[in-house]
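> could you work out the structure for the sequence below:
(3 chains)
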Amino acid sequence: MACYGPQHWWPGESPFEVMVGAILTQQASWTGVEKAIANLKAANALSPEGLRRLPESELARLIRPAIYHNAKAKKLKALVNWLGESYGADLTRLFKQDTQTLRRELLSVYGIGEETADSIILYAAEKPIFVIDAYTRRIIARLELVPDNISYHACQSFFVSNLPQDTRMFNEYHALLVQLGKSVCRPRPLHHECCLKDICPTAFSAE
DNA sequence: GGCCAGGACACCA
DNA sequence: TGGTGTCATGGC
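Reported below is the predicted structural model:
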């Protein structure tokens, strides 16, 4: 359990940094995302206003290590423009809405899909919602807890119905799933699942 | 040199 | 509505 202890996942220094990271990490490794965020910080542009005043081409150049830089520059521009126009770039105003309203709002923004929206809600707004990513799907499919072709919503419901509604729990559980998912990529036995059972045994008793 | 990583969107049948 | 193409870096 020690090696899978508290993961301190999503190392963003601010909610806005988490939001930017959530978009940059789409189909990308975190190492590239870290470099892109470092570039934004160095350019003093890691803020809603900072990104808004940055030309899209320059923004794309700065986030180049995160791959798909042109597409993601467009998405980040859409995010900060929406934030400015709808919430005066005030994240407190955005996050004080109830979870489902916040989710609908985020999903209306170009470039934010279900996983990205849920990541923002959990890690930036710190509201209890379960993030379903490729690793999570891979693991529960391997464990035959759900059908292979399960939808995002159904997969999310599986965890929500079996876990306490606790932000820290969802945060830690998701982090552990990603760590486990990386292990599952290699031909390694699934004894790691004991870590997840340790946190919430009920999730694994429901088959 | 090839594969793949913490997705989302546009387009088409 | 579901399947497919596109985006397009960097580490291993």
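
> for whichever residue of chain A sits closest to DNA strand C, give me its contacts.
Among the residues of chain A, residue A:70 lies closest to DNA strand C, at 2.7 Å counting by C-beta to the nearest atom of the strand. From N, CA and C alone the C-beta is placed, and that goes for glycine too. If a contact means C-beta atoms under 8 Å, 6 or more residues apart in numbering, then residue A:70 has residue A:60 as its contacts.

> tell me the spacing between it and residue A:157.
Distance of residue A:70 to residue A:157, given as C-beta to C-beta, to the nearest Å: 35 Å.

> before we move on, the earlier item: quick check: the gap between the residue of chain A closest to DNA strand C and residue A:63.
9 Å.

> before we move on, the earlier item: where does the residue of chain A closest to DNA strand C land in three-state SS?
helix (DSSP: H, G, I helix; E, B strand; the rest coil).

> pLDDT score for it?
Note for residue A:70: predicted pLDDT of 96.

> so where is chain A shaky, pLDDT-wise?
For chain A, residues meeting the criterion pLDDT under 70 lie at A:1-8, A:183-207.

> what parts of it come near DNA strand B?
Contact residues (C-beta under 7 Å from any atom of the strand) of chain A with DNA strand B: A:9-10, A:21-22, A:25-30, A:32, A:67-68, A:71, A:109-117, A:119, A:123, A:133-135, A:178, A:182, A:185.

> pull out the buried members of the residues you listed.
Buried subset of the residues of chain A next to DNA strand B (neighbour count, 16 or more other C-beta atoms under 10 Å): A:9-10, A:21-22, A:25-26, A:28, A:30, A:32, A:67-68, A:109, A:111-112, A:114-117, A:119, A:123, A:133, A:135, A:178.

> helices - which of those residues land there?
A:21, A:22, A:30, A:32, A:114, A:115, A:116, A:117, A:119, A:135, A:178 (DSSP state H).

> need those residues in TSV (columns: distance to residue A:48).
As requested, those are exported to TSV (distance: C-beta to C-beta, whole Å):
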residue	distance to residue A:48
A:21	14
A:22	15
A:30	23
A:32	23
A:114	23
A:115	22
A:116	17
A:117	18
A:119	18
A:135	30
A:178	28
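
> residues contacting residue A:122?
So residue A:122 contacts A:128, A:129, A:130, A:131, A:167, A:170, A:171, A:174 (C-beta under 8 Å, 6+ apart).

> are any of these buried, and which?
A:128, A:129, A:130, A:131, A:170, A:171, A:174.

> turn those residues into CSV, columns for secondary structure.
Formatted as CSV, the buried ones among the contacts of residue A:122 follow (three-state DSSP):
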residue, secondary structure
A:128, coil
A:129, coil
A:130, coil
A:131, coil
A:170, helix
A:171, helix
A:174, helix
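
> how about stretch A:99-109: buried residues?
A:102, A:103, A:105, A:106, A:109.

> how does chain A divide into domains?
A:10-124, A:134-205 (automatic domain parsing).

> just say which of these is most tucked in.
Highest mean neighbour count among the domains of chain A (mean count of other C-beta atoms under 10 Å): domain A:10-124, with a mean of 18.
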